[in-house]
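Chemist: Dropping the sequence and predicted coords here.
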Number of protein chains: 2
Amino acid sequence: MDAIGTIRTPYKTKQDCPIQPVYTAGSSGRVEVLEQYAEGLKDIETFSHIYLLYQFDRADAISMVRSTFLDDTPHGIYASRHPCRPNGIGMSIVKLIRRVGNVLIVEGADMLDETPLLDIKPYIPKYDSIPAASEGWTAKMQWHQKPKGRE
Amino acid sequence: MDAIGTIRTPYKTKQDCPIQPVYTAGSSGRVEVLEQYAEGLKDIETFSHIYLLYQFDRADAISMVRSTFLDDTPHGIYASRHPCRPNGIGMSIVKLIRRVGNVLIVEGADMLDETPLLDIKPYIPKYDSIPAASEGWTAKMQWHQKPKGRE
């Protein structure tokens, strides 16, 4: 797989990164799509939210069971969003503020600066919004306040 | 990237496949995770819904702007979920019925039988459910009834 672009964020180190994009509303990111793929952005501005799929290119060694940023109990990597996973694909939902040519200005980007972008998909609430889904093991965790844009 | 398993569904040809997983509630799929990754499934059964990321391994040639299954108007590939896309990563949300060792029984799998699995992520409504997100260009489309499990 080859990057189709680059995600620019204010986060230069892992310590800077927020745990999940819902905590980052207000901070902006730039999704810079390579010119040869820019045509594929047609009509993306009709969506308020998009999925970004990207490569965790600076992740540490993979471990299949590990504790997460939320608690000290080890969980399976497939029951978590931890970056150190086979294939290293990251996924974040961000709010699309506007498109300027081949660049998307987004809110809620939680990945490292210069992260390689693999794909963009529209967030379509009829498919993707499942308020009644269970929170799983994360239900016991303390959560930050739900930010603007996720009401 | 290497497959971490295989997704088994009733759909042997593209013509058999439903357009989106929300239309397939009731049909079951099996997500067969390779033994060496099975440990990573620990605690996945605490979630009611999961994301499957997979390879569109039988997609046709990529085109950056094309009409979709929903209408005849051409849209950018990044404003659609069409399989013929750079990097060919598919994403579906399925309902997790149960786990049997390294196999997940799921409802709502919409991909071709024997699709290579790349990743599994838990669906966490606090991150992932955004009922107020816009439907974008799909808002004008005729939709099928919302099935069980998406209320």
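Modeler: Cool, the structure landed. Numbering: from 1, shown residues only, chains lettered A, B, ... in the order given.
Chemist: Low-confidence bits of chain A, can you list those?
Modeler: Within chain A, the ranges that satisfy pLDDT under 70 run A:19-27, A:142-151.
Chemist: Regarding it, what is its longest strand?
Modeler: Longest strand in chain A, counting residues (DSSP state E): strand A:89-100.
Chemist: That one - contacts with which helices or strands?
Modeler: Applying 3 or more CB pairs under 8 Å, 6 or more residues apart in numbering or on different chains; DSSP states H and E, one finds that strand A:89-100 contacts strand A:28-33, strand A:49-55, strand A:103-107, strand B:49-55, strand B:115-122. (Glycine included, C-beta is placed from N, CA and C.)
Chemist: Please see if the last one touches chain A.
Modeler: Put plainly, it is strand B:115-122. Yes - Strand B:115-122 lies within reach of chain A by CB under 8 Å from any CB of the partner chain, at B:Leu118, B:Asp119, B:Ile120, B:Lys121, B:Pro122.
Chemist: Identify the bridge partners of the residue lying closest to A:Arg81 once chain neighbours are set aside.
Modeler: Nearest residue to A:Arg81 in three dimensions, chain neighbours excluded: B:Lys121, at 5.9 Å (CB to CB, 6 or more residues apart in numbering or on different chains). Per DSSP bridges, the residues bridged to B:Lys121 are B:Tyr51.
Chemist: Can you give me the neighbour number for B:Lys121?
Modeler: Neighbour count of B:Lys121, defined by other CB atoms under 10 Å in any protein chain shown: 25.
Chemist: and what of A:Ala38?
Modeler: Neighbourhood size, A:Ala38 [other CB under 10 Å]: 19.
Chemist: Wait, a strand at it?
Modeler: No - assessed by DSSP: H, G, I helix; E, B strand; the rest coil, A:Ala38 does not belong to a strand; its assignment is helix.
Chemist: quick one, what contacts the closest residue to it other than its chain neighbours?
Modeler: What sits nearest to A:Ala38 in space, not counting adjacent residues and going by CB to CB, 6+ apart, is A:Asn102, at 3.7 Å. By CB atoms under 8 Å, 6 or more residues apart in numbering or on different chains, the contact set of A:Asn102 is A:Gly5, A:Glu32, A:Val33, A:Leu34, A:Glu35, A:Tyr37, A:Ala38, A:Leu41.
Chemist: Distance of A:Asn102 relative to chain B?
Modeler: In this view, A:Asn102 and chain B are 11 Å apart by CB to the nearest CB, to the nearest Å.
Chemist: what do you get for A:Cys84?
Modeler: Taking CB to the nearest CB, one finds A:Cys84 at 11 Å from chain B.
Chemist: Leaving out chain neighbours, which residue sits closest to that residue?
Modeler: Per CB to CB, 6+ apart, closest to A:Cys84 is A:Ala59, 4.8 Å.
Chemist: Fine by me, thanks again.
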